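Colleague: Need the 3D shape of this:
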Amino acid sequence: MSAILDKFINLLKWPVAVLALWSIPAFFQSLEYFQFASIKFIALLGGVFLFFIARMSMDASMRTSMQIIAHELTHSFFAVLTLHKVKHIRVAEDNSGGSMAFLGEGNWLIVIAPYFFPLFCFFFMMGIGIYLKYAPINWIINVLFGYFIGYHIDTVASQIHDKQTDLPKVSYLFCVLFLPGANFWVIGSMLAFNSQGWKGFFLYQQLIAYLNIENFNKVIYLLFNF
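Modeller: Okay, the predicted model is just below:
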């Protein structure tokens, strides 16, 4: 079953890359729909700031270890999502890197996942989704969420470099096309979640789809009515 799923995901590789690139303008257009002058986003920004303050005081080796662990766990998470059995996860004793292994051929999503997917944020969002069934959201939750967003931005920024062995596996061209749009989509989705929880998240997906279609129609109009 995992082999069939791998083939299907691999077929989607370049269409998804083009879609991610096409969605970049929609991300910037979507920002006007957020009410940034609210306690939710002020608290979120405070959480991001808090992370970078904590980062400066954190031991460098500890920070590197956390990033390596998060990196390998994200690979593993997507391996499991695509029905692969994870064999092991390892971190080098000198913090020079890590590795994980799974059964099966795999797919590009497993390889590229740590460079756009906010694993810790995702589980935090899942937990908050349960919390919101019993209590309203408050600014402390927004601060914590901002902290995890700061961690995600820092981790992704520190991992994308020319010595990274994962990137050539999917090709640098794919990375250039896919990663900027994918990370903008993730950030926009997290901002939407901060605003209205999972309801905001799903409304944001509808908004991006709508803006993408609008932009496509504008381009077609310009091309055939120039």
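
Colleague: Quick one: end-to-end distance for stretch 129-137.
Modeller: 10 Å (CA to CA, to the nearest Å).

Colleague: Tell me how far that stretch lies from the chain's centre.
Modeller: 23 Å (CA atoms, centre = their mean, to the nearest Å).

Colleague: can you check stretch 142-151 too?
Modeller: On CA atoms, centre = their mean, the centre of stretch 142-151 falls 14 Å from that of its chain.

Colleague: What residues of that stretch count as buried?
Modeller: For stretch 142-151, burial by neighbour count (16 or more other CB atoms under 10 Å) applies to 142-151. From N, CA and C alone the C-beta is placed, and that goes for glycine too.

Colleague: can you point me to the longest helix in this structure?
Modeller: Looking across the chain with DSSP state H, the single longest helix is helix 172-224.

Colleague: That one packs against which elements?
Modeller: Where contact means 3 or more CB pairs under 8 Å, 6 or more residues apart in numbering; DSSP states H and E, helix 172-224 is packed against helix 13-22, helix 24-30, helix 39-57, helix 108-112, helix 119-131, helix 139-159.

Colleague: Give me the angle between it and helix 119-131.
Modeller: Counting by axes from the mean of the first three to the mean of the last three CA atoms, to 10 degrees, helix 172-224 lies at 70 degrees to helix 119-131.

Colleague: Which one of the helices and strands packed on helix 172-224 lies nearest to residue 100?
Modeller: helix 108-112 (9.2 Å; CB to CB).

Colleague: circling back: just put the helices and strands packed on helix 172-224 in TSV and tack on distance to residue 74 and mean pLDDT.
Modeller: TSV is the format used below for the helices and strands packed on helix 172-224 (distance: least, CB to CB, whole Å; pLDDT from 0 to 100):
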stretch	distance to residue 74	mean pLDDT
helix 13-22	17	97
helix 24-30	22	97
helix 39-57	18	91
helix 108-112	9	96
helix 119-131	5	89
helix 139-159	9	91
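
Colleague: Now distance to residue 7 too, for those helices, in CSV please.
Modeller: Below are these laid out as CSV (distance: least, CB to CB, whole Å):
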stretch, distance to residue 7
helix 13-22, 11
helix 24-30, 28
helix 39-57, 39
helix 108-112, 12
helix 119-131, 25
helix 139-159, 27
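
Colleague: between those helices, which one is nearest to residue 173?
Modeller: helix 13-22 (8.4 Å).

Colleague: what's the residue closest to the geometric middle of the protein?
Modeller: Computing the C-alpha centroid of the chain and ranking residues by CA atoms, centre = their mean puts residue 117 first, at 2.9 Å.

Colleague: That one and residue 81 touch, don't they?
Modeller: No. Judged on CB atoms under 8 Å, residue 117 makes no contact with residue 81 at a distance of 10.2 Å.

Colleague: circling back to that earlier point, does the residue nearest to the centre of the chain sit in a helix, a strand or a coil?
Modeller: Here residue 117 is coil, with the state taken from DSSP: H, G, I helix; E, B strand; the rest coil.

Colleague: With adjacent residues omitted, what lies nearest to it?
Modeller: Nearest residue to residue 117, sequence neighbours excluded (CB to CB, 6 or more residues apart in numbering): residue 74, at 5.7 Å.

Colleague: residues touching that neighbour, list them.
Modeller: If you count contacts by CB atoms under 8 Å, 6 or more residues apart in numbering, residue 74 has them with 113-114, 117, 119.

Colleague: Nearest to residue 170 among those residues?
Modeller: Of the contacts of residue 74, the one sitting nearest to residue 170 (CB to CB) turns out to be residue 113, at 10.7 Å.
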